[in-house]
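Peer 1: no letters, just coordinates:
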């Protein structure tokens, strides 16, 4: 069996490569022989469009948690797996960092430092706030674990109800209580545009929207209207459009902090990605069920 990995940094140690597995790294001249493919951790088209040149392809192992950018390129009959668990640590750290920065005004301090301005004054704290985590999966749970020491009340929301987790249908009743909303949900036909005018209008004044999920989940025009009015604040790792054009009003809107889609791009990524690739190759070679299966071959 031949596997294609994005680069040598993803290749397991020699003793961890299963018997019978031959590993190529991108680019490869033997695409026709690839059964197990790991596209690079990018959103460019080329690594995903290359699947059309892999007639022997059986498994696609993504290095992203989201699948919407890759799914259209996966041939029929190929098993698709995502990288659930790989990005939990890094994305959760960034979500909490953005939340703290937005609540306490760290972005204002950073801008004032450039001009040598001493901006002393009273600032908000995260303590005693209600934090609504929308999309309570692996990343949402990782965010909550990091919030434990901040003396906040965490409210969990997911697509379907389960013990301790409210369904999306209860959001209208929950939003008016939320001082912070952290989005950690996937982009689907159901969640696209979910955070629109009505969602934002239901939030209390001065509440903070933190998006570490996908940009199109939020109606950008509706958010711009709220932050320009000074009613809401936002901390965004993802935007719509993306990259955000230099002239876009979000860059200069008051109370908005933007990071350039770096939720998964940290030193925590590679060791976890390598472990996932190693384990999935072992499972596939041994004929065992794969982890993180999104769609099965059929």
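Peer 2: Ah, there it is. Computed from a prediction, not measured in an experiment: that's the story for all the values here.
Peer 1: is the residue positioned nearest the centre of the chain in a helix, a strand, or coil?
Peer 2: Geometric centre of the chain, nearest residue: residue 213, 4.2 Å, by Cα atoms, centre = their mean. Three-state call for residue 213 (DSSP: H, G, I helix; E, B strand; the rest coil): coil.
Peer 1: now do it against residue 295, distance only.
Peer 2: 21 Å (Cβ to Cβ, to the nearest Å). C-beta: built from backbone N, CA, C; applies to glycine.
Peer 1: quick revisit: OK, contacts around the nearest residue to the residue nearest to the centre of the chain once chain neighbours are set aside?
Peer 2: Nearest residue to residue 213, sequence neighbours excluded (Cβ to Cβ, 6 or more residues apart in numbering): residue 183, at 4.4 Å. Counting by Cβ atoms under 8 Å, 6 or more residues apart in numbering, residue 183 touches 134-135, 195, 209-213, 217-218.
Peer 1: would you show me how to pick out the buried ones of those residues in PyMOL?
Peer 2: A single PyMOL command suffices to select whichever of the contacts of residue 183 are buried according to 16 or more other Cβ atoms under 10 Å:
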select buried, resi 134+135+195+209+210+211+212+213+217+218
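Peer 1: could you single out the nearest of the contacts of residue 183 to residue 46?
Peer 2: residue 213 (24.7 Å; Cβ to Cβ).
Peer 1: residues near residue 216, how many?
Peer 2: With neighbours defined by other Cβ atoms under 10 Å, the count for residue 216 comes to 19.
Peer 1: if I look at it, how far off is residue 188?
Peer 2: 10 Å.
Peer 1: looks to me like residue 40 is in a strand.
Peer 2: No - Residue 40 is assigned coil when assessed by three-state DSSP, not a strand.
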